[in-house]
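Participant: Sequence and computational prediction follow.
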Amino acid sequence: MSQPWDYIAKLVCIGDSGTGKSSLTIRLCEGRFSPSHDVTIGVEFGSRIVPVGPPSSLELGIDELPNPSSSTERETPQSQSQPISGLPSPPRKPEPTQQQKQKRMKLSLWDTAGQETYKSITRSYFRGASGALLVFDISRRSTFFSCTQWLQDLRQIAEDGIVVILVGNKTDLAGQPSGSNQRQVTQAEAEEWCRLNNVVRYVETSAKSGDGVERAFLEVAERIYRNIEAGRYDLNDRRSGVKGFGASGGGNTGAPKTITLGMDDAMRKGNSWVGGCC
C-alpha cells in the first residue's frame, strides 16, 4: 500500500478573535462556510493533505511570487526562473522524459483561540510549529494592529525559522453588490508591514467565498517543503514541527508512523510539553 503522505507539518492559525481563523480552517478541510461559529476555546484541530514541490508547485507558479520581506528583490528585477528570496532553491526541474512523483504533505492545523482570556493557554501551542498563518480582518483595523504583538509572541516561543504568512481575511466585505466597501486595511499597508517585520508573504482571503484560502495554506506548505529539501529540519526531532513518513521521533525507523491529534496532547503543559506535531 502506498504511503498517503511524505511529510507532516504542524501549522498554527493565530490572530485576534473574530478574524475568521476557524472559518479558514473549516473552508480548507471541509470545503464549506458556516455564517455562525462558536468562539474557539483553547484550540481546535483539522488536517488536509496537499501537494508540495514539482510538478504541482510549477503549475501554481510558487517560484514567481514576490517576497515582500526581501529588500534586495525590490531593488533588482527577478526573472521567473529565480527562486523566492529567503527560500532555498526549488528541486531541479526534471527532464521532459522523466516522470516525477508528486510529494504530499499532511498539514496538521491548530486553530487557536484569539480572545485575551485564553492567550496564556494558546501561546503554549506555538511550540513545535513549523508554520503559522497570522490572520487579521481587513474590515477591522484593530486586528491588523494586533498582528505585531501576535508575531512577537510567536517568535519568542516557536522554533527559529518558523514560516509565517500574513493573511488578510474577509475580502468579501471589500466590495459588496450594494457598492459599500468595509475595507480598513489596504493591501499596500499589509505588504509594507510584512517587509518591515520580515514576514515572507501577504495573502488576502475570503473564508465565505473560498477565494485565496487554499493558496494561503499552500504558500506555507511549499516553503516548509523547501526547508525540508534544504535540510533545515531534523525530521526525527519533534520540536521541529515536521516529520517524514516513517520517522521515529527518536525510536526505530523504517515503519510507518501513525499520527494522531487529541486534546490530551494539546493540553500538556510545563516540562511535559514536547511541542511535537503529533
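Facilitator: Arrived safely.
Participant: which stretches of this structure aren't confidently modelled?
Facilitator: 1-2, 36-43, 60-99, 113-122, 176-179, 246-278 (pLDDT under 70).
Participant: again, only this time at 50
Facilitator: Within the chain, the ranges that satisfy pLDDT under 50 run 1, 64-85, 96-97, 249-278.
Participant: Using PDB, write down the CA coordinates of the top helix by length along it.
Facilitator: Using DSSP state H, we find that the single longest helix of the chain is helix 213-229. C-alpha atoms of helix 213-229 as PDB (Å, rounded to 0.1, in the frame of the first residue of the first chain):
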ATOM      1  CA  VAL A 213      -7.900  30.200   1.100                       C
ATOM      2  CA  GLU A 214      -6.200  27.200  -0.400                       C
ATOM      3  CA  ARG A 215      -3.400  29.400  -1.800                       C
ATOM      4  CA  ALA A 216      -2.600  30.700   1.600                       C
ATOM      5  CA  PHE A 217      -2.100  27.300   3.100                       C
ATOM      6  CA  LEU A 218      -0.200  26.100   0.000                       C
ATOM      7  CA  GLU A 219       2.200  29.000   0.400                       C
ATOM      8  CA  VAL A 220       3.100  27.900   3.900                       C
ATOM      9  CA  ALA A 221       3.300  24.200   2.900                       C
ATOM     10  CA  GLU A 222       5.600  24.900  -0.100                       C
ATOM     11  CA  ARG A 223       8.000  27.000   2.000                       C
ATOM     12  CA  ILE A 224       8.200  24.300   4.600                       C
ATOM     13  CA  TYR A 225       8.900  21.700   1.900                       C
ATOM     14  CA  ARG A 226      11.700  23.900   0.500                       C
ATOM     15  CA  ASN A 227      13.200  24.000   4.000                       C
ATOM     16  CA  ILE A 228      13.000  20.200   4.300                       C
ATOM     17  CA  GLU A 229      14.700  19.800   0.900                       C
END
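Participant: what about the strands in this protein?
Facilitator: Under the criterion DSSP state E, the chain contains strands at 7-14, 43-52, 103-112, 131-137, 163-169, 201-204, 242-244.
Participant: Leaving out chain neighbours, which residue sits closest to Gly241?
Facilitator: Distances taken as C-beta to C-beta, 6 or more residues apart in numbering place Ser130 nearest to Gly241, at 3.4 Å, with adjacent residues excluded. Any C-beta I mention is one placed from the backbone N, CA and C, and that applies to glycine too.
Participant: typo on my end, Asp6
Facilitator: Lys103 (4.8 Å).
Participant: how about the one you found, what does it touch?
Facilitator: Neighbouring residues of Lys103 by C-beta atoms under 8 Å, 6 or more residues apart in numbering: Asp6, Tyr7, Pro51, Val52, Gly53, Tyr225.
Participant: before we move on, the earlier item: would you mind measuring from the residue nearest to Gly241 to Gln149?
Facilitator: Separation of Ser130 from Gln149 (C-beta to C-beta, to the nearest Å): 22 Å.
Participant: quick one: which of the two has more around it?
Facilitator: Ranked by neighbour count (other C-beta atoms under 10 Å), Ser130 and Gln149 place Ser130 first, with 31 against 11.
Participant: I'd guessed the more buried one sits against Asp160; true?
Facilitator: No - the criterion here is C-beta atoms under 8 Å, and Ser130 misses it with Asp160 at 11.1 Å.
Participant: wait, what's in contact with Trp5?
Facilitator: With contact taken as C-beta under 8 Å, 6+ apart, Trp5 is in contact with Ile49, Arg104, Met105, Lys106, Phe245.
Participant: again, but for Val242
Facilitator: Counting by C-beta under 8 Å, 6+ apart, Val242 makes contact with Tyr7, Ile8, Ala9, Lys10, Ser130, Ile224, Asn227, Ile228, Tyr233, Leu235, Cys277.
Participant: who does it bridge with?
Facilitator: In this structure, Val242 bridges to Ala9 when assessed by DSSP bridges.
Participant: rewinding a little: can I get the contacts of Val242 in CSV with distance to Gly20?
Facilitator: Below are the contacts of Val242 laid out as CSV (distance: C-beta to C-beta, whole Å):
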residue, distance to Gly20
Tyr7, 27
Ile8, 25
Ala9, 22
Lys10, 21
Ser130, 22
Ile224, 23
Asn227, 27
Ile228, 29
Tyr233, 29
Leu235, 32
Cys277, 24
